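*Asks:* quick one, what's the 3D model for this:
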Amino acid sequence: MRRVTGIRPAGTGLRGRRRLGRAIGAVAIMTGVGGAALAAATAAQASWTPVTTLTGRTWEGVDPAISANAKGAFITAWEGINNADPNCGNQIQIRLRSSAGKWGSIHQLTPCSGPTMVFPAVAYNPAGYGVVAWLRVKDDAIQAVTVSPAGKIGPVLTVTPKNNQAYFPMVAVSPAGQALVVWQTINATSTGPNGVLARFISSGGALGPVRFLGASTQLVSAPVFDKTGTATVSYTATKVYEVRLTPNGVGQPAVVLSPAIGTSFGKPQLADDSNGDTFVLVPQIVSVKNTQTEHLVVRKWSKARVLGKAVTVAIAAPTVTVNNIPDGPSLSADGAGDAVVVWNSALSSTQAAVYGRRLSPAGTLGPAVRLGTGYLPHVAIDPAGAGLITWQSTTYQSGLVTTIYGRHVTAPKGTFGRLIKFTADGEHAQIAVDQAGRSGVIWLRSSAAPLIQARFGS
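*Replies:* The predicted structure follows:
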């Protein structure tokens, strides 16, 4: 949700669309192996719920999304496709799971009689204020609803201004319950350049003004919030920028990284600690003698706008094949500023190794640890440092039945837990972790009809 980015949704999103339309992360690959930091690779299942199917009886689903509040309640979303109604395809559905593990009913946010809707994005804040956003295909407009801590769903709002063509929505919610929607856009009457826009939605559902964050080439991060309600967004427009904003306005963008001759930067990702310091992870593409590699670079931008040292976490080589787009890396951080990066490394055209590595608050790297074999790695970490990593066994568009694996991670120590097999029939997993280390994993079933399924545990 990346460097080849921006698969345009207009004219797509039709019935039977199996694969995620999101652009999938920039490529990453290996350094060494630190086996001492890795627990025994045996399946660990006891603390996880059985597989739950979230879609309705006659429904299929694609493009799952998930987020958690502080107490272990989860919000899930996907595009629903009703097999019993040929006129009902690709509409946005959500389902809430309480902290006690009780599922609510399916809420369909967009009607079957309406246009195709794609690319749902969800976010909760610790108190349980939520937001769901998606793209309306017929005019490339972004719409959204808010969700209260009691589970009340607000009216559908059109977030983008008229005559704008939007790309993928990205969302976050401030500690006070202000939702933020960020997107890339081109005015319908112009040919560019792309711009990064944002808009706040109050907890009561009132839209704030549209904010311009900067020019972009579709390489934009999802927003993150600090504990004071300040959001940060990063984007690549030749250089890598970060910009902070609140409902009251937008700060001055900071140049975080500048490309050397013969290099370029991919899509950035952000993580925020409890002090308001922001970590940005960017793949730097380096071409030497017709060989392309990618350096995974992390840099901290402090609350006081001071830039730390740029740290290369790994030297990357592409995993791009006929069946696979760039599919990593991923970054998360705990409240103390311990960050973890995960990525995959091409072993051949049909196989890649998955790695993880800790970056301390002082900028010291731990060993690069091989976690398994596969693609599409993700990591999420709670403020205390407990987290989860997932990946899948086959490439992005393999067409094969796919297994989803994972490991727990302890960010302050840089250690990784036992191998978890979440399902032998799933792909495109998304994860969320609450403030006590309880996790949710949601995915698309990879065989037969695509169903949205999930497991929860710690």
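
*Asks:* poorly predicted segments of the stretch 301-450 of the chain, please.
*Replies:* 317-318, 320, 322-326 (pLDDT under 70).

*Asks:* report the beta-bridge partner residues of Ala198.
*Replies:* Val182, Arg211 (DSSP bridges).

*Asks:* what about it, neighbour count?
*Replies:* 23 (other C-beta atoms under 10 Å). C-beta coordinates here come from the backbone N, C-alpha and C atoms, glycine included.

*Asks:* give the full set of residues in contact with it.
*Replies:* 180-183, 210-211, 213, 223, 231, 233, 245, 250 (C-beta atoms under 8 Å, 6 or more residues apart in numbering).

*Asks:* and if you look at Pro450?
*Replies:* Counted by C-beta under 8 Å, 6+ apart, Pro450 has contacts 18, 60-62, 444.

*Asks:* can you tell me which of the contacts of Ala198 is closest to Phe119?
*Replies:* Trp183 (10.1 Å; C-beta to C-beta).

*Asks:* so the closest one makes contact with Val171?
*Replies:* No - in this structure, Trp183 is not within contact of Val171 by C-beta atoms under 8 Å, at 9.7 Å.

*Asks:* and the gap between the residue sitting furthest away from the middle of the chain and Gly266?
*Replies:* Computed with C-alpha atoms, centre = their mean, the residue of the chain farthest from its C-alpha average is Lys289, at 33.5 Å. For Lys289, the distance to Gly266 equals 21 Å [C-beta to C-beta, to the nearest Å].

*Asks:* again, but for Lys102
*Replies:* 41 Å.

*Asks:* just Ser258 next, same as before
*Replies:* Counting by C-beta to C-beta - Ser258 and Gly266 are separated by 15 Å.

*Asks:* these two - which one has more neighbours?
*Replies:* Gly266 (26 against 10).

*Asks:* how far is the host helix or strand of Val122 from where the chain is centred?
*Replies:* Val122 is part of strand 117-124, with elements assigned from DSSP states H and E. On the basis of C-alpha atoms, centre = their mean, to the nearest Å, strand 117-124 sits 10 Å off its chain's mean C-alpha point.

*Asks:* ok, then the element right after it?
*Replies:* strand 130-136.

*Asks:* could you check the angle strand 117-124 makes with that following strand?
*Replies:* 170 degrees (axes from the mean of the first three to the mean of the last three C-alpha atoms, to 10 degrees).

*Asks:* residues in contact with strand 130-136: which ones?
*Replies:* So strand 130-136 is contacted by 9, 67, 69, 75, 77, 92, 94, 109-110, 115-124, 141-148, 158-159, 166-171, 173, 179-181, 201 (C-beta under 8 Å, 6+ apart).

*Asks:* dump that strand to PDB, restricted to CA.
*Replies:* These are the backbone C-alpha positions of strand 130-136, laid out as PDB (Å, rounded to 0.1, in the frame of the first residue of the first chain):
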ATOM      1  CA  GLY A 130     -12.100   5.200  13.600                       C
ATOM      2  CA  VAL A 131     -12.100   6.100  10.000                       C
ATOM      3  CA  VAL A 132     -12.700   4.100   6.800                       C
ATOM      4  CA  ALA A 133     -11.900   5.600   3.400                       C
ATOM      5  CA  TRP A 134     -12.100   4.300  -0.200                       C
ATOM      6  CA  LEU A 135     -12.000   5.300  -3.800                       C
ATOM      7  CA  ARG A 136     -15.100   5.800  -6.000                       C
END
